[in-house]
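A.B. asks: Structure for the following, please:
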Amino acid sequence: MIDSKDDMKISVLSSGSGGNVSYIETAKHKILLDAGLSGVKIKKLLSSINRNIEDVDTLLVTHEHNDHCKSVGVLARRYPQISVYANEKTWIAMDSKVGKISSFQKNIFPPNVVLSFDDLDIESFTVSHDAAQAQFYNFHHHNKSFVVLTDIGYISERIVKTIQNANAYVFECNHDVEMLRNGPYAWSLKQRILGDSGHLSNEDGADALIECIGNNTKNIFVGHRSHHNNTKFLAHSTVAEILKRHDFAVGNDFNLLDTDVNCPSKLITL
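C.D. replies: Numbering: from 1, shown residues only. This is a model prediction of the structure:
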């Protein structure tokens, strides 16, 4: 298939407990979702997929945790062409972290709405996570869609209906339950991660995917993996095994792809 300039292209630049950034491109927009690494690192990751930070026009923020908003302020001040979007509660929560941003660049993206950005419709949806008001996004371009869903304690029927049958997903598979229980974290932190406002385990991520995958789904990124409580092999193999057990043809009907904090995925055309 020959790529068209009118296609939507995506790359997961970084995903994990150490930082999160995704890149979405259409003919009219070049967008970053989250900025959980240093500005210098994000610039290098974009360069590695032959994209320039100076061409980015929009930055969406999911929530105020540092692995998602670390360089929001730095990027906004260094690159004034970037318009930054977050919901009102997130703006308030990350105010002290991001510093001064021009009022011309600051924008409110309310929860559970669809905003149109020329050739791209972006649908926000709130999730259960221990942040002020975490929200993630479903990107719609013509008849294609791309969903990023990490940092969530559980997935409700409302969310399943919002994100079903996307062409591509970045889906949270944060931890292996036994590694977490036997690991070095304090018990209070383990309870937080395992709770309804925490993070999805490998098994929970796979179970949720079973409800979401449709005929349009061609690429699934295993995302937001914990460095302390998971491994790339465990996350991938657990999800693949559970999906195959439910008669999904992993590797044939769709690709199951790994993510990394330091190495971006290829730029994929949806």
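
A.B. asks: so where do the helices sit in the stretch 1-150 of the chain?
C.D. replies: For the stretch 1-150 of the chain, helices defined by DSSP state H, counting those that start in this stretch occupy the ranges 39-48, 66-69, 72-78, 88-93, 95-98.

A.B. asks: With respect to residue 110, which of those helices lies nearest?
C.D. replies: Evaluated over those, closeness to residue 110 peaks at helix 88-93, with 7.5 Å, by Cβ to Cβ. Quick note: C-beta positions are derived from backbone N, CA and C, even for glycine.

A.B. asks: quick one: average pLDDT of that closest one?
C.D. replies: Summarised as a single mean, pLDDT over helix 88-93 is 98.

A.B. asks: Mind listing residues that contact that helix?
C.D. replies: 61, 62, 63, 64, 106, 108, 110, 131, 132, 133, 134, 135 (Cβ atoms under 8 Å, 6 or more residues apart in numbering).

A.B. asks: Residue 19: what's it in contact with?
C.D. replies: By Cβ under 8 Å, 6+ apart, the contact set of residue 19 is 36, 37, 41, 67, 70, 261.

A.B. asks: nope, residue 100 is what I meant
C.D. replies: 73, 77.

A.B. asks: swap in residue 77?
C.D. replies: Listed by Cβ under 8 Å, 6+ apart, the contact partners of residue 77 are 99, 100, 101.

A.B. asks: ranges for the strands of the stretch 1-150 of the chain?
C.D. replies: Under the criterion DSSP state E, counting those that start in this stretch, the stretch 1-150 of the chain carries strands at the ranges 9-14, 21-25, 30-33, 58-60, 83-86, 106-108, 114-117, 120-126, 135-141, 144-149.

A.B. asks: in stretch 174-192, what's buried?
C.D. replies: 174, 175, 176, 177, 179, 180, 185, 190 (16 or more other Cβ atoms under 10 Å).

A.B. asks: what's it in contact with?
C.D. replies: Outside stretch 174-192, the residues that touch it by Cβ under 8 Å, 6+ apart are 17, 130, 150, 193-194, 198-203, 205, 224-226, 228-231, 234-235, 238.

A.B. asks: at 6 Å what do you get?
C.D. replies: 198, 199, 200, 201, 202, 224, 226, 228, 229, 230, 234 (Cβ atoms under 6 Å, 6 or more residues apart in numbering).

A.B. asks: mind checking how far whichever helix in the chain runs longest is from the chain centre?
C.D. replies: Looking across the chain with DSSP state H, the single longest helix is helix 232-245. Taking Cα atoms, centre = their mean, to the nearest Å, one finds helix 232-245 lying 19 Å from the centre of the chain it belongs to.

A.B. asks: With stretch 123-133 instead?
C.D. replies: Relative to its parent chain, stretch 123-133 has a centroid offset of 12 Å by Cα atoms, centre = their mean.

A.B. asks: these two touch, right, residue 197 and residue 154?
C.D. replies: No: counting by Cβ atoms under 6 Å, residue 154 is not a contact partner of residue 197; they are 8.8 Å apart.

A.B. asks: Return the distance of residue 58 relative to residue 139.
C.D. replies: Distance, residue 58 to residue 139, using Cβ to Cβ, to the nearest Å: 11 Å.

A.B. asks: more crowded one of these two?
C.D. replies: Counted by other Cβ atoms under 10 Å, residue 58 and residue 139 do not tie: residue 139 has more neighbours, with 27 against 19.

A.B. asks: quick one: contacts for the nearest residue to that one once chain neighbours are set aside?
C.D. replies: Spatial nearest neighbour of residue 139, chain neighbours left out: residue 146 (4.4 Å); criterion: Cβ to Cβ, 6 or more residues apart in numbering. Taking Cβ under 6 Å, 6+ apart as the contact definition, residue 146 lies against 10, 139, 168.
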